[in-house]
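Enquirer: No letters, just coordinates:
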């Protein structure tokens, strides 16, 4: 079994600046609107847990606890178990995974999130799927 098996991209959303979640058909990503602009993301499901996954290789995403919490809010945001960021490598790795719980707090690790992270990192690196 590969690290990415069982990972399924799910429906993605757009949250407008007025806080309303709109369901729009975009190709491979969605965007969330904040005061600072739009944030592109992919919503993925790993073994029953859903995550908002973002490419932060440029280190340009710096969301507050409140913004992170808003994204994960299932009633007023996108809705997710947590948020994953793909960041530049450290110590010889290809990428760094950062995981934030739905309350906006950073955590060390999330196994189901790691499955989604691996699949997403593979896509953004141009090495498959």
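Expert: That came through fine. All values derive from a computational prediction rather than experimental measurement.
Enquirer: need the helices for this protein, in chain order.
Expert: For the chain, the helices defined by DSSP state H cover 65-72, 111-124.
Enquirer: what's the most buried one of those helices?
Expert: Across those, averaging neighbours per residue (mean count of other CB atoms under 10 Å) puts helix 111-124 on top, at a mean of 20. From N, CA and C alone the C-beta is placed, and that goes for glycine too.
Enquirer: coming back round to it: the helices of the chain: lowest mean pLDDT?
Expert: Ranked by mean pLDDT, these bottom out at helix 65-72, with a mean of 89.
Enquirer: just to revisit the earlier point, quick one, which of the helices of the chain is nearest to residue 84?
Expert: Nearest to residue 84, of all the helices of the chain, is helix 111-124, at 5.2 Å by CB to CB.
Enquirer: so where is the protein shaky, pLDDT-wise?
Expert: 1-37, 128-129 (pLDDT under 70).
Enquirer: and the longest strand seen in the chain, what does it pack onto?
Expert: Longest strand of the chain, by residue count under DSSP state E: strand 37-46. Under the contact criterion of 3 or more CB pairs under 8 Å, 6 or more residues apart in numbering; DSSP states H and E, strand 37-46 touches strand 7-9, strand 30-34, strand 49-55, helix 111-124.
Enquirer: List the buried residues for that strand?
Expert: By 16 or more other CB atoms under 10 Å, the buried positions in strand 37-46 come out as 39, 41-46.
Enquirer: Identify the farthest-apart pair in the residues you listed.
Expert: 39 and 46 (20.5 Å).
Enquirer: before we move on, the earlier item: may I see the helices and strands packed on strand 37-46 arranged in a markdown table, with distance to residue 68 as well?
Expert: As requested, the helices and strands packed on strand 37-46 are exported to a markdown table (distance: least, CB to CB, whole Å):
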| stretch | distance to residue 68 |
| --- | --- |
| strand 7-9 | 21 |
| strand 30-34 | 11 |
| strand 49-55 | 9 |
| helix 111-124 | 14 |
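Enquirer: I'm done for today, thanks for sticking with me.
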